[in-house]
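Enquirer: Just to be clear, the model below is a prediction. Sequence and coordinates:
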Amino acid sequence: MFSKKQFVLTSLVVIVGLLAVGCQPKTVVETKEVVVTQVVEGEPVEVVVTATPSAEGAVEVATEFIPAEGLVPCQPLPDIAGGGSGPGLAAPADSRATDTGQPADVGRPAGNVTQAPASSSSASPARQELVYRVGVFEDLTSANFWVANGPDNTVWNAYMLPQRLTMYNLSDQRFDFVPLVAKDLPESLTQEGDFWVVEIPIREDITWGDGESFTAEDVAFTANAAVKLGLISGNWSQWYDANYLDRVEAVDDYTVKYYYHTKPGLARHENGTLQAPILAEHFWAPLVEEAAAPIDALPEGASEEEVLAAQAETHDNLFAIEPEGEPLAGSFLFTRWEPGAFTEVTANPDYFQTGAVVTEYANGAYQETLADVYDFTLYGDAGGDVQLEFEVGPHVGAAVYTIYSSQDAAILALKAGEIDMLLNPLGLQRGLLDQVQGDSNLQVLQNPVNGFRYLAFNHRRRPMNDCSFRQAVAFLIDKEFVARTILQDVAFPLYSFVPQANGAWYFDDVPKLGLRADGTSMSREERINMAVAILEQAGYSWENDQRPMWNVDNAEVEVGGRLIMPDGTPVPDIELWGPNAGYDPLRATFAIWIEKWLNEAGIPVTANLANFNTLIPLIFTEQDFDMYILGWSLDTFPSYMRDYWHSEQAVPDGNNAAGYTNPEFDVLAESLMTCESFEECRPICDEIQTMLATEVPYVLLFDTGIIEPYRSASIEYPYTAHLSGLQYSHQLPYQSLQNAVRIK
């Protein structure tokens with residue numbers, strides 16, 4: 001997916017300090033210059049990017065944000081020169097990708113599972129001496145699993161917190177839906193009175209780290225606690241969604257029964273509740289009961305406001321718990337955390353899957369065998385060509401995750417043999433490739449990604465609540481120029497809200513704001529003209545009637561006055577938050593160019609760049625922003641398209657930090673939660689992608705293929721090709737590669 005042209009890391013030399021947030025008035029920054037170093041035809045060139053202040057005038061400008069009252073709907077895009085089938089609405093004829101197939105959990109026949117009594121296991125002395133050493137770039141935010149997968153839902157928590165067991169998981173590489181705690185694939189949901197139900201037997205050979213048996217009570221407790229507490233932030237809304245799930249019961253010690261008050265589809269049953277993590281009831285039940293006191297104290301018939309207030313207080317109580325001594329049942333146990341330095345996990349000597357052999361066949365069959373314990377085959381007969389085979393571990397005694405301040409430092413550690421692997425959702429910066437490609441001890445992998453980096457608007461504030469404003473911004477942002485010229489094809493621009501690498505669900509026939517009808521990128525002149533036309537059509541004007549214009553002679557934008565909203569109010573100063581160059585130079589570069597282009601159009605934007613763990617609470621908890629740039633790593637089933645923009649999630653700590661609320665979208669998104677087959681879900685997914693590309697709650701910016709170096713002289717993996725790279729297989733809840741890596 002990349003060109004082979006060499007790229008030198010874009011660096012930001014001058015960055016103005018961060019503005020204060022909270023209740024204090026915003027500081028107005030009138031000018032800022034940033035020197036960007038890029039490589040053009042092999043030669044470094046310095047480009048000075050200057051944020052242009054709006055023209056001086058007599059208008060009085062608000063120093064704080066202006067609250068919005070609902071969304072302003074979209075208008076048809078104006079037809080200006082260069083129209084064709086409609087400017088900025090390019091759509092290639094072939095609208096479906098063919099690089100990957102239908103998800104493995106759709107349209108599969110049920111398999112047969114046989115299970116024998118468990119035998120005890122223990123870690124060999126040789127294994128205990130082996131350590132898997134991993135470099136990371138941010139710290140844990142908490143060891144509390146509830147908060148780490150709620151408002152603190154970061155990829156770094158997903159890397160470093162140990163595996164939690166789930167009823168089912170997805171197989172390595174191919175994403176087959178396979179049992180883990182469950183004994184077999186689930187039967188279909190059946191109606192029982194007012195509920196849709198299914199009973200699922202679970203394994204009888206699993207123990208927690210403190211020796212307690214893992215039972216159906218643990219499954220029921222976790223689900224019922226999440227529902228009672230009203231957890232919707234982070235991953236919880238997908239895992240245990242109270243819009244569908246009523247309760248879970250332990251029929252007996254090893255049989256679980258699920259009750260849905262509303263029949264769920266693939267998104268909320270197979271790809272939601274049945275793949276949700278399970279916590280230890282005997283440890284967490286008393287802590288949750290104490291935390292939930294505000295909910296239990298609610299009077300009968302309490303108002304919605306009272307319920308929400310009680311839930312918020314309960315969440316604060318729950319998230320504040322330090323889970324010292326929490327028993328785990330996964331492949332690793334949490335051993336040590338030195339904040340700012342490292343975390344350590346040690347192999348679980350009683351992990352029930354250790355020694356199992358997994359085989360994936362070219363005919364689609366999946367087989368898992370553990371001698372004298374169990375043997376099952378799913379999705380056809382085991383035979384023929386083998387695509388993948390490996391033994392489940394852990395094959396190491398411990399894994400240590402060391403925090404590095406920069407990729408430069410981590411690469412030096414990798415070359416020196418101090419670590420074996422770097423985990424980063426962004427992959428390796430291209431400017432560091434030369435340092436690793438010639439090292440015979442290292443191997444460099446390149447894989448496609450299932451994710452995107454984006455610009456989001458706070459729809460609770462004007463003018464970000466106006467679709468015309470958001471569309472104008474989308475036209476002004478020349479992501480093709482930044483990705484291909486400034487970043488030298490390291491990044492590629494995105495338009496659809498399902499990435500092309502996820503071919504089963506990707507839809508290409510969406511509005512592509514910024515492309516001509518023939519699929520080529522609009523010029524700067526076309527972009528400024530289209531943005532002006534969109535804004536004027538919606539009733540916007542410019543200070544002193546000075547609209548921005550393209551100067552043909554100078555080949556640049558003549559900056560006009562400050563943008564004036566339809567009611568005559570000047571657009572207030574806008575802050576654009578994003579990751580700093582030390583964390584992600586690509587997004588930092590985009591932020592500076594966006595600042596420049598929007599200021600040219602009379603939109604007074606200041607880019608503020610901060611470290612990653614500063615941005616998360618600012619955006620998702622405090623929600624004190626105008627616009628921000630971040631990114632998402634995505635699941636293969638696109639249920640995230642409901643969670644990121646549904647009005648239910650537009651609350652503090654919700655996934656919809658942008659506050660996009662559209663009843664029409666909510667109805668459509670809910671239908672994606674209830675569809676029950678690929679054939680039924682696919683048209684809904686296509687329609688959602690089209691609506692989002694039109695409404696622009698996010699401006700999709702770009703993504704990259706992922707480059708990952710590891711120390712092949714020290715370790716070996718059972719596979720190296722994977723959607724979103726090996727880092728994706730290191731994430732919760734499954735963390736399959738930690739279980740399979742071997743030390744040479």
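Expert: Received, thanks. Numbers count the residues shown, from 1 in each chain.
Enquirer: Show me how far the helix ranked longest in the chain is from its chain's centre.
Expert: Longest helix in the chain by number of residues (criterion: DSSP state H): helix 678-695. Counting by Cα atoms, centre = their mean, to the nearest Å, helix 678-695 is centred 19 Å from the centre of its parent chain.
Enquirer: following that helix, which helix or strand shows up next?
Expert: strand 698-703 (DSSP states H and E).
Enquirer: List the buried residues in that next one.
Expert: Counting neighbours by 16 or more other Cβ atoms under 10 Å, one finds that the buried residues in strand 698-703 are 698-703. (Glycine included, C-beta is placed from N, CA and C.)
Enquirer: next one: stretch 399-411
Expert: Buried-residue list, stretch 399-411, by 16+ other Cβ under 10 Å: 399-404, 407, 410-411.
Enquirer: Determine the set of other helices and strands touching the longest helix of the chain.
Expert: Packed against helix 678-695 by the contact rule (3 or more Cβ pairs under 8 Å, 6 or more residues apart in numbering; DSSP states H and E) you find helix 640-643, helix 663-674.
Enquirer: Which residue is the nearest non-sequential neighbour of Pro78?
Expert: Of all residues not flanking Pro78 in the chain, Ala533 sits nearest, at 4.2 Å (Cβ to Cβ, 6 or more residues apart in numbering).
Enquirer: helix, strand or coil for that neighbour?
Expert: Secondary structure state of Ala533, per DSSP: H, G, I helix; E, B strand; the rest coil, is helix.
Enquirer: From what I see, it and Ile80 are in contact.
Expert: Yes - applying Cβ atoms under 8 Å, one finds Ala533 in contact with Ile80, separated by 5.3 Å.
Enquirer: Those two - which one has more neighbours?
Expert: More crowded of Ala533 and Ile80, by other Cβ atoms under 10 Å: Ala533, with 18 against 14.
Enquirer: For Asp176, see how far away that one is.
Expert: 50 Å (Cβ to Cβ, to the nearest Å).
Enquirer: quick revisit: quick one, the longest helix of the chain and helix 663-674 angle?
Expert: 160 degrees (axes from the mean of the first three to the mean of the last three Cα atoms, to 10 degrees).
Enquirer: what angle do helix 678-695 and strand 698-703 make?
Expert: Going by the same axes, to 10 degrees, helix 678-695 makes 100 degrees with strand 698-703.
Enquirer: outside of helix 678-695, which residues touch it?
Expert: When contacts are defined by Cβ atoms under 8 Å, 6 or more residues apart in numbering, helix 678-695 is touched by residues 74, 102-103, 106-107, 265-267, 467, 470, 495-498, 504-505, 507, 509-513, 638, 641, 645, 660, 662, 664-665, 668-669, 671-672, 675, 698.
Enquirer: The same query, at a cut-off of 6 Å, please.
Expert: With Cβ atoms under 6 Å, 6 or more residues apart in numbering as the test, helix 678-695 has contacts from 102, 106, 467, 496-498, 505, 507, 510-511, 638, 641, 668, 671-672, 675.
Enquirer: can you put the helices and strands packed on helix 678-695 in a markdown table and add distance to Pro67 and mean pLDDT?
Expert: A markdown table is the format used below for these (distance: least, Cβ to Cβ, whole Å; pLDDT from 0 to 100):
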| stretch | distance to Pro67 | mean pLDDT |
| --- | --- | --- |
| helix 640-643 | 25 | 94 |
| helix 663-674 | 20 | 96 |
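Enquirer: Of those, which stretch is the most buried?
Expert: Highest mean neighbour count among these (mean count of other Cβ atoms under 10 Å): helix 640-643, with a mean of 22.
Enquirer: What part of the protein, helix or strand, is modelled with the least confidence?
Expert: One helix or strand of the chain scores below all others by mean pLDDT, DSSP states H and E: strand 112-115, with a mean of 34.
Enquirer: Break the protein into its domains for me.
Expert: Annotated domains of the chain cover 164-319, 451-703 [automatic domain parsing].
Enquirer: So for Phe137, which of the ones you listed sits nearest?
Expert: domain 451-703 (7.2 Å; Cβ to Cβ).
Enquirer: how distant is the closest one from the center of its chain?
Expert: Here domain 451-703 is found 16 Å from its chain centre; the criterion is Cα atoms, centre = their mean.
Enquirer: Straight-line length of it, end to end?
Expert: Length of domain 451-703, first residue to last, Cα to Cα, to the nearest Å: 7 Å.
Enquirer: pLDDT weak spots in the stretch 1-150 of the chain?
Expert: The model of the stretch 1-150 of the chain has pLDDT under 70 over residues 1-60, 62-63, 81-128.
Enquirer: do the same with the stretch 301-450 of the chain
Expert: Of all residues in the stretch 301-450 of the chain, none has pLDDT under 70.
Enquirer: ok, which stretches of it are helices?
Expert: 304-319, 407-415, 433-437 (DSSP state H, counting those that start in this stretch).
Enquirer: Packed most tightly, which of these would that be?
Expert: By mean count of other Cβ under 10 Å, those have helix 407-415 as the most buried, with a mean of 19.
Enquirer: name the helices or strands packed onto that one?
Expert: Packing contacts for helix 407-415, counted by 3 or more Cβ pairs under 6 Å, 6 or more residues apart in numbering; DSSP states H and E, involve no helix or strand.
Enquirer: Sounds good, over and out.
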